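**Q** Build me a structure from this.
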Amino acid sequence: AHGTAIGRAGYQEEQEQQGQNTFDQRRVGHDGTVVRPEEGILGQGAAIIPSEGKLYAPFEGKVSSIFDTRHAICLQSEAGAEMLIHIGLETVSLGGKYYTAKVKDGDMVKTGDLLIEFDLNSSRKEFDTITPVLITNADDFSAVEALQTTGTIKAGKAFLKVKQ
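**A** Residues are numbered from 1 along each chain as shown. Have a look, this model is predicted:
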């Protein structure tokens, strides 16, 4: 079975079932350029260089944690996938300067909700704004796959596939 529903802000949610396996597609949270797949001690996913200073919810779920410095957020999907989105490298040292959170810990979010606004130009002047997007509990799933590993991408496009 294959189902599609249109979500908020033009986002599209899809789940594809093949036998007992469910593929849950995660959307990208902002416009930018995909530069590489990411895999490391924090999880599996990909990295994006943002082209705008807005980060949107890539799926429906809960804000597990938003860092005090507002440069990173952890989300949990209804299916249990935990995602870390970390805007920039070493941006924690900015102490929240240039970043405005639009959500707080425990908030329920819908796909396309604005999570964080940030001054991209000011951030870029001080730090690399490459943004890792990682499934931190990838070991709980049979596979995490980046659907796009290079090129430009728009917020709302299918980006990661998480296989149950």
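**Q** any low-confidence regions in the protein?
**A** Scanning the chain for pLDDT under 70 picks out the ranges 1-27, 36-42.
**Q** What ranges does it have for its helices?
**A** Counting by DSSP state H, the chain has helices at residues 120-126.
**Q** Excluding chain neighbours, what is closest to Gly43?
**A** Excluding its sequence neighbours, the residue lying closest to Gly43 (Cβ to Cβ, 6 or more residues apart in numbering) is Leu134, at 3.6 Å. Every C-beta, even on glycine, is put in place using the N, C-alpha and C of the backbone.
**Q** Does that neighbour touch Leu75 like I think?
**A** No: look at Leu134 against Leu75 with Cβ atoms under 8 Å: they stay out of range, at 11.0 Å.
**Q** Overlap in contacts, these two.
**A** Common contacts of Leu134 and Leu75, defined by Cβ atoms under 8 Å, 6 or more residues apart in numbering, comprise Met83, Ile85.
**Q** re the thing from before, can you get me a residue count around the residue nearest to Gly43?
**A** Residues within reach of Leu134, counting by other Cβ atoms under 10 Å, total 24.
**Q** Relative to Leu160, how far out is it?
**A** Counting by Cβ to Cβ, to the nearest Å, the separation of Leu134 from Leu160 is 9 Å.
**Q** Which neighbours do these two have in common?
**A** With Cβ under 8 Å, 6+ apart as the test, Leu134 and Leu160 both reach Gly45.
**Q** so what's Val103 up against?
**A** Val63, Ile66, Ile73, Val109, Asp113, Leu115, Ile116.
**Q** Farthest pair within those residues?
**A** Ile66 and Asp113 (12.9 Å; Cβ to Cβ).
**Q** So which of the contacts of Val103 are in strands?
**A** Val63, Ile66, Ile73, Val109, Leu115, Ile116 (DSSP state E).
**Q** Go through those and name the one nearest Ala146.
**A** Among the ones in strands among the contacts of Val103, Ile73 lies closest to Ala146 (Cβ to Cβ), at 19.3 Å.
**Q** so what's the closest residue in space to the closest one that isn't next to it in sequence up against?
**A** Of all residues not flanking Ile73 in the chain, Ile66 sits nearest, at 4.8 Å (Cβ to Cβ, 6+ apart). Going by Cβ under 8 Å, 6+ apart, Ile66 touches Ala72, Ile73, Cys74, Ala101, Val103, Lys104, Asp105, Leu115, Ile116.
**Q** do Pro50 as well
**A** Counting by Cβ under 8 Å, 6+ apart, Pro50 has contacts His30, Asp31, Gly32, Ile87, Leu120, Thr129, Thr131.
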